[in-house]
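A.B. asks: Got a sequence here, can you model it:
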Amino acid sequence: MDGASGRGKRGTRGARPAASRGRGAGRGAARSSPRRPGADDRPGAGDRPGAGDRPGGTATVQAPQKDGSAARRGRPARSTAAVGRLPVGPAAGGGEAPPASQSRAPGGRAPAARRRAAAPDGATAIPLALCLREALSRLSLGRQDVSGASGVVNDVVSRLIQAIRSQDGSFSSIKRLGAGSYYEHVKISEPNEFDIMLLMPVQRLQLDECDDTGAYYYLTFKRNPREKHLLKFLDEDKKLSAFKMLQALREIIKREVKNIKDVEVSVKRKKPGSPAITLLIKNPPAEISVDIILTLEVQQSWPPCTQHGLRIEQWLGRKVRGEFRNKSLYLVAKQNKNEKVLKGNTWRLSFSHIEKAMMNNHGRSKTCCESDGPKCCRKSCLKLLKYLLEQLKMEYTKELEKFCSYHVKTAFFHSCVMWPNDTDWHVGDLDHCFQKYLGYFLHCLQNSQLPHFFIPKYNLLSLEDKASSDFLLRQINNELNNGFPIFQKMY
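C.D. replies: Predicted structure coming up:
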């Protein structure tokens, strides 16, 4: 459930093949204290883990034997964090700060002795920070590749939108919004997946919850609606049918795709319950997937279930939160699988426009990561965990089919709230920051509890899927305890 489209298997395409190299094995004792923020259990200024809550111990990651050691490559080892099992659950200390003996030296850096990486059995070793930075450098998208892919997508989507507007009065008011990881600048490996929301402005609707998650709704028009062109999409109960609208839009797109002659475009077979119409665009030597997501843009207040969500006051500020909550309400045509009778007339809340705004303006200071501003490693940490999950999903497709990058993204937003200061994510402390973010995600898996960032009562890790959560927990801990072989294989 990544952003608007809810893709469930991101990472099964587009990951770069990597030859397996020497695997390093490093063990240490990490001391991280992740804390799960909820509607009524948010960290305050006095109990929030600080920037100096660095795990103790040292990281030892064996250098790949490709073209020499890390020392020969001349890369400086800026810092070294512990590699080992991160504590999760109650044993982690419930989010309390670790003892003073584990805090870093004045000035925000770890003591010099802690920054050194020991070499086991005489092998050349590199710090975890260098291992992660090498991995990041290989996840970065090439500017030329991005430009070429986005150009093809923009051309195809623009032609489709023009045709949709002119052919059917029901969709004449649609407008485009780029969403998802590409437009949030956290896409990794290849520019081969794009999410495009087609927004349909609607004045007012009555929202009725169809379950206890607060995420899914039945929609009905209030008296004398302005959008009379949408009345033909009502079902027998006078509810706005997501299925009928999506089917009508899909038929238009299928017809129009045939008129595109200079690019090979096809419409992928409909996936049951998906809110997306997926285009496949041949762009040799690769193929680009574009999810077209029908989205209602409703001019009304957010529903009560969102009241205690989006707790970004300490991170982005109270004013920014107010501005976000005054934005339109988005609903995507998503079927609720828990509905007793599946009629295809449910809609799911979407906050893709807010997520995009938070991701692209992620610093507490307004100049964070701007060309002349201080740099943080927030997005770098997110990219690393996205890649880790993608690779595990490729290896264990069936066991991890319930997981998608939206789980990682939600944990990321919660982590930004727990550690709101830009200094908590100093660009030179990538290893430490990644491990505390990873520690929180492991804590969520351990307890099968990951609250939706905007709808706190909606748990994204159902207890019914605890076996999947436990499996992923074991696999990530195995990576952690062995110095992250997945990242080392990228060398």
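A.B. asks: hey, where'd the strands end up in this structure?
C.D. replies: In the chain, the segments counted as strands under DSSP state E are 61-62, 125-126, 175-179, 193-202, 205-209, 216-221, 265-267, 276-283, 286-298, 329-332, 347-350.
A.B. asks: Quick one: closest of those strands to residue 408.
C.D. replies: Proximity of the strands of the chain to residue 408 was assessed by C-beta to C-beta; the nearest stretch is strand 193-202, lying at 15.1 Å. Bear in mind the C-beta positions are built from the backbone N, C-alpha and C, glycine included.
A.B. asks: List the buried residues in stretch 174-186.
C.D. replies: 174, 177-184, 186 (16 or more other C-beta atoms under 10 Å).
A.B. asks: Pull the residues that contact that stretch.
C.D. replies: Outside stretch 174-186, the residues that touch it by C-beta atoms under 8 Å, 6 or more residues apart in numbering are 2-5, 150, 157, 161, 164-165, 187-188, 191, 193-201, 291, 293, 295, 352-353, 355-356, 359-360, 379, 382-383, 386, 405.
A.B. asks: how does it look with 7 Å?
C.D. replies: Residues outside stretch 174-186 that contact it (C-beta atoms under 7 Å, 6 or more residues apart in numbering) are 2-5, 157, 161, 164-165, 187, 191, 193-200, 352-353, 356, 359-360, 379, 382-383, 386, 405.
A.B. asks: pLDDT (mean, whole number) over it?
C.D. replies: For stretch 174-186, mean pLDDT rounds to 83.
A.B. asks: With stretch 236-249 instead?
C.D. replies: Averaging pLDDT along stretch 236-249 yields 91.
A.B. asks: shaky segments in the chain?
C.D. replies: Along the chain, the parts satisfying pLDDT under 70 run over 1-126, 141-147, 168, 189-191, 340-343, 491.
A.B. asks: which residues of it fall in helices?
C.D. replies: Remark: helices assigned in the chain by DSSP state H are 70-73, 112-115, 128-139, 143-167, 242-257, 318-325, 352-360, 378-395, 405-418, 430-447, 466-481, 485-488.
A.B. asks: would you put the C-alpha positions of the third one in CSV?
C.D. replies: When you say that, I think you mean helix 128-139. Presented in CSV, the C-alpha positions along helix 128-139 are these (Å, rounded to 0.1, in the frame of the first residue of the first chain):
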residue,chain,number,x,y,z
LEU,A,128,28.9,0.3,8.7
ALA,A,129,28.5,4.0,7.7
LEU,A,130,30.8,3.4,4.7
CYS,A,131,28.9,0.2,3.8
LEU,A,132,25.6,2.1,3.8
ARG,A,133,27.0,5.0,1.8
GLU,A,134,28.4,2.7,-0.8
ALA,A,135,24.9,1.1,-1.0
LEU,A,136,23.2,4.5,-1.4
SER,A,137,25.5,5.5,-4.2
ARG,A,138,24.3,2.5,-6.1
LEU,A,139,20.6,3.2,-5.4
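A.B. asks: That one to helix 378-395, inter-axis angle?
C.D. replies: Per axes from the mean of the first three to the mean of the last three C-alpha atoms, to 10 degrees, the angle that helix 128-139 makes with helix 378-395 is 70 degrees.
A.B. asks: How about the longest one?
C.D. replies: Taking the same axes, to 10 degrees, one finds that helix 143-167 is oriented at 80 degrees with respect to helix 378-395.
A.B. asks: and helix 143-167, which residues are buried?
C.D. replies: For helix 143-167, burial by neighbour count (16+ other C-beta under 10 Å) applies to 149-150, 152-153, 156-157, 159-161, 163-164.
A.B. asks: and what of stretch 245-253?
C.D. replies: Judged by neighbour count using 16+ other C-beta under 10 Å, the buried positions of stretch 245-253 are 245-246, 248-249, 252-253.
A.B. asks: Looks like residue 365 contacts residue 423 (just checking).
C.D. replies: No: with contact taken as C-beta atoms under 7 Å, residue 365 and residue 423 are classed as non-touching, separated by 9.8 Å.
A.B. asks: Now render the strands of the chain as TSV, adding distance to residue 135.
C.D. replies: TSV is the format used below for the strands of the chain (distance: least, C-beta to C-beta, whole Å):
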stretch	distance to residue 135
strand 61-62	11
strand 125-126	12
strand 175-179	26
strand 193-202	20
strand 205-209	42
strand 216-221	37
strand 265-267	34
strand 276-283	26
strand 286-298	22
strand 329-332	33
strand 347-350	31
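A.B. asks: out of those, which comes closest to residue 460?
C.D. replies: Put simply, out of these the one that sits nearest residue 460 is strand 347-350, at 12.6 Å, with distance taken as C-beta to C-beta.
A.B. asks: which helices and strands does that closest one pack with?
C.D. replies: The helices and strands touching strand 347-350, judged by 3 or more C-beta pairs under 7 Å, 6 or more residues apart in numbering; DSSP states H and E, are strand 216-221, strand 329-332.
A.B. asks: Which among those strands is found nearest to residue 346?
C.D. replies: Distances from residue 346 to each of the helices and strands packed on strand 347-350 were compared by C-beta to C-beta, and the smallest falls on strand 216-221, at 5.0 Å.
A.B. asks: Which residue ranges make up the domains of the protein?
C.D. replies: 61-140+374-488, 143-354 (automatic domain parsing).
A.B. asks: Tell me which of the ones you listed sits most buried.
C.D. replies: Neighbour counts averaged per stretch over the domains of the chain are highest for domain 61-140+374-488, at a mean of 19; criterion: mean count of other C-beta atoms under 10 Å.
A.B. asks: And the residue nearest the centre of the chain, how far from residue 487?
C.D. replies: Within the chain, one residue has its C-alpha closest to the average C-alpha position: by C-alpha atoms, centre = their mean, that is residue 409, at 2.8 Å. When C-beta to C-beta, to the nearest Å is applied, the distance between residue 409 and residue 487 equals 20 Å.
A.B. asks: For residue 327, give me phi and psi.
C.D. replies: Here is the backbone geometry of residue 327 (degrees, to the nearest 10): phi -80, psi 170.
A.B. asks: Let's have the buried residues of stretch 245-253 in TSV, adding distance to residue 394.
C.D. replies: As requested, these are exported to TSV (distance: C-beta to C-beta, whole Å):
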residue	distance to residue 394
245	34
246	29
248	36
249	32
252	35
253	30
